[in-house]
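Novice: heads up, no residue letters with this:
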């Protein structure tokens, strides 16, 4: 008789279901695991053997063969310990755990340990096998309980897992953790947001134009670049934008936790959107992600999904990296293609860049002299190509902060304005924020009044905007109009959008 139970392994960023099967044959006693498994699974023999022996189970004098099917699929992860142990422990029982999923690493005493790699696997199983019965470690209960469409059974020990399997009709755990984050409801959806601002805009003195631009960019997820002398507040503003971004749904929080686990970070729910700030010396693979036959690693742009990707000292990044950002900035997706695998990442992020006006940084300074030659300034600016700049919604040139400048607005006040614009966008029926609207959605939602339409035609005739630039202007004007609670885009909304456009 061959007993079977289900598990899963990571393949790229998704899960592949694995059938774990065991057979016991008359031969020299032994314990073999087959199915293209890695060292972590091979070492499961020692963990499973010790865990069962320490719980009064006597291994039979038979040859135990455990196979993980499909056999040509590479498999990895210590979470296969539990399904293997369950099959061996039930060898003499007339019980078939077929249809059950089991995940968990075993301690030598039989305790079931939580592993962060289980979480992204469960998300895909919830899509592929709705209402499946799943045994998981109790240590991950607070994470797993928010995953829909699965019947969870939590266990601390191998004996507890076996008792669940032996029951004719066990009752799944219906515990759902209440997220203790501030939230509001809109159209039957709950949106979560932070109410503690570790970095506050009240600490930023002056720079009213830059703060206004930051508010607009945050409200509609528009890409923005700040240019100014060293110390004028570019990075200061960029790092505070994280706290005023639109609120998160549970689905978006789950996506964030999945990316955290895939990148080997500590997984936890948070109302704060991700903020990625790679150094300019980062490699192309670390920014875009990598893929091999057996493993894939999301890069910084994938980890910034639904959040912020901040490039400080923008022109100092390698040119091929900057040019590689053109596709994810435009399509909000990135495909990493290799010979043995092809991985697609969602990359719907708000891009923020910060740069000096010249190599020495003093070109716009009123008190210091620029030491750069004209050709050095030209080469510095040419590092950012026209196609790349065409994907930027706002380009803000910042002056040096005056001595008598004072704070004018707090993050709490800015957050309230962002939420006002967010509610208008959702109430209008948008599935995406203004900065991420597609071509058809632009025609539906970005409606200009006759005066604004005439102005756009004049501007287009004078500056020769590309079709992409026209779409960017419409989306940016839509956000400015939303901040003023205006149904249509008026002339002064478009004028403000034009003032932020680099021509």
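Specialist: Yep, it's here. On a predicted model such as this, the values are computed, not experimentally measured, just so you know.

Novice: switch to C-alpha atoms for all contacts and neighbour counts from now on
Specialist: Will do.

Novice: Going by residue numbers, what spans are helices in the stretch 201-350 of the chain?
Specialist: Secondary structure of the stretch 201-350 of the chain, counting by DSSP state H, counting those that start in this stretch: helices at 208-220, 234-240, 250-262, 284-288, 300-303, 319-324, 326-331.

Novice: Counting by contacts, list what the third one packs against.
Specialist: It stands for helix 250-262. helix 118-128, strand 189-192, strand 296-298, helix 300-303 (3 or more CA pairs under 8 Å, 6 or more residues apart in numbering; DSSP states H and E).

Novice: need the contact list for the residue lying closest to residue 409 once chain neighbours are set aside.
Specialist: Nearest residue to residue 409 in three dimensions, chain neighbours excluded: residue 202, at 5.6 Å (CA to CA, 6 or more residues apart in numbering). By CA atoms under 8 Å, 6 or more residues apart in numbering, the contact list for residue 202 reads 407, 408, 409, 410, 411.

Novice: weakest of the helices of the stretch 201-350 of the chain by average pLDDT?
Specialist: Here these differ in mean pLDDT, and the lowest is helix 250-262 at a mean of 85.

Novice: now that helix against helix 118-128, angle please.
Specialist: 130 degrees (axes from the mean of the first three to the mean of the last three CA atoms, to 10 degrees).

Novice: How far off centre is helix 250-262?
Specialist: Relative to the chain's own centre, helix 250-262 is displaced by 6 Å; criterion: CA atoms, centre = their mean, to the nearest Å.

Novice: can you check stretch 463-481 too?
Specialist: 27 Å.

Novice: Low-confidence stretches in the protein?
Specialist: Across the chain, the ranges flagged by pLDDT under 70 are 1, 293-294, 503.

Novice: for it, what's the longest strand?
Specialist: When the chain is parsed with DSSP state E, its longest strand is strand 14-25.

Novice: Who does that one pair with, and is each partner parallel or antiparallel?
Specialist: Neighbouring strands of strand 14-25 in its sheet, by DSSP bridges, are strand 3-11 (antiparallel), strand 63-69 (antiparallel).

Novice: The ones you listed: which one's closest to residue 299?
Specialist: Residue 299 lies closest to strand 3-11 among those, at 16.1 Å (CA to CA).

Novice: returning to what we had before: going by neighbour count, which of the contacts of residue 202 are buried?
Specialist: Among the contacts of residue 202, the ones that count as buried by 16 or more other CA atoms under 10 Å are 409, 411.

Novice: Save the contacts of residue 202 as TSV, and put in distance to residue 446 too.
Specialist: Shown next, in TSV, are the contacts of residue 202 (distance: CA to CA, whole Å):
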residue	distance to residue 446
407	33
408	31
409	29
410	29
411	28
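
Novice: separation between residue 282 and residue 382?
Specialist: Residue 282 sits 21 Å away from residue 382, going by CA to CA, to the nearest Å.

Novice: right, I mislabeled it, should have said residue 54
Specialist: For residue 54 relative to residue 382 (CA to CA), the value is 68 Å.

Novice: Which residues belonging to stretch 477-487 are considered buried?
Specialist: 477, 478, 479, 480, 481, 482, 483, 487.

Novice: just checking, which of those belong to helices?
Specialist: Counted as lying in helices by DSSP state H, out of those, are 477, 478, 479, 480, 481, 482, 483.

Novice: close enough to count as contact, the fourth one and residue 493?
Specialist: When you say that, I think you mean residue 480. Yes - contact criterion CA atoms under 8 Å: residue 480 and residue 493 qualify, at 5.9 Å.

Novice: so which of the ones in helices among the buried residues of stretch 477-487 comes closest to residue 261?
Specialist: Among those, and counting by CA to CA, the member closest to residue 261 is residue 479, at 33.7 Å.

Novice: For the closest one, give me its contacts.
Specialist: Per CA under 8 Å, 6+ apart, neighbours of residue 479: 216, 219, 220, 421, 434.

Novice: Make TSV out of the buried residues of stretch 477-487 and add distance to residue 312.
Specialist: Putting the buried residues of stretch 477-487 into TSV (distance: CA to CA, whole Å) gives the following:
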residue	distance to residue 312
477	26
478	28
479	25
480	26
481	30
482	29
483	28
487	36
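
Novice: Tell me the one of the residues you listed nearest residue 66?
Specialist: Nearest to residue 66 among the buried residues of stretch 477-487: residue 479, at 58.4 Å, using CA to CA.

Novice: any idea how far residue 219 is from that closest one?
Specialist: Applying CA to CA to residue 479 and residue 219 gives a distance of 7 Å.

Novice: Common neighbours of the two, please.
Specialist: Going by CA under 8 Å, 6+ apart, residues that sit against residue 479 and also against residue 219 are residue 421.

Novice: picking that back up, just the ones in helices from the contacts of residue 202, please.
Specialist: Counting by DSSP H, the contacts of residue 202 contribute residue 411 to helices.

Novice: wait, which of the contacts of residue 202 is closest to residue 61?
Specialist: Using CA to CA, those come closest to residue 61 at residue 411, 68.8 Å.

Novice: Could you check how far that closest one is from residue 401?
Specialist: Taken as CA to CA, the span from residue 411 to residue 401 is 19 Å.

Novice: Likewise for residue 385?
Specialist: Applying CA to CA, the value for residue 385 to residue 401 is 29 Å.

Novice: Pick out whichever of the two has more residues nearby.
Specialist: residue 401 (16 against 12; other CA atoms under 10 Å).

Novice: I'd assumed residue 205 was in contact with the more buried one.
Specialist: Yes - counting by CA under 8 Å, residue 401 touches residue 205, with 7.2 Å between them.

Novice: returning to what we had before: what's whichever helix or strand comes after the longest strand of the chain in contact with?
Specialist: Downstream of strand 14-25, the next assigned helix or strand under DSSP states H and E is strand 30-34. Residues outside strand 30-34 that contact it (CA under 8 Å, 6+ apart) are 41, 42, 45, 62, 63, 64, 65, 66, 67, 68, 71.

Novice: for stretch 396-407, same thing?
Specialist: By CA under 8 Å, 6+ apart, the residues outside stretch 396-407 that reach it are 201-207, 209-210, 213, 224-229, 231-232, 234, 364-366, 500.

Novice: hmm, which of those residues are the buried ones?
Specialist: For the contacts of stretch 396-407, buried by 16+ other CA under 10 Å: 201, 203-207, 210, 213, 224-229, 232, 234, 364-365, 500.

Novice: Which ones among these map onto strands?
Specialist: Mapping the buried ones among the contacts of stretch 396-407 onto strands (DSSP E) picks out 224, 225, 226, 227, 228.

Novice: Reformat those residues as JSON lines; add distance to residue 156.
Specialist: What follows is those, written out as JSON lines (distance: CA to CA, whole Å):
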{"residue": "224", "distance to residue 156": "49"}
{"residue": "225", "distance to residue 156": "50"}
{"residue": "226", "distance to residue 156": "52"}
{"residue": "227", "distance to residue 156": "55"}
{"residue": "228", "distance to residue 156": "56"}
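
Novice: Among those, pick out the one closest to residue 90, please.
Specialist: Set against residue 90, the nearest of these by CA to CA is residue 224 (59.9 Å).

Novice: need the contact list for the closest one.
Specialist: Here residue 224 is in contact with 214, 217, 351, 352, 353, 392, 393, 394, 395, 396 (criterion: CA under 8 Å, 6+ apart).
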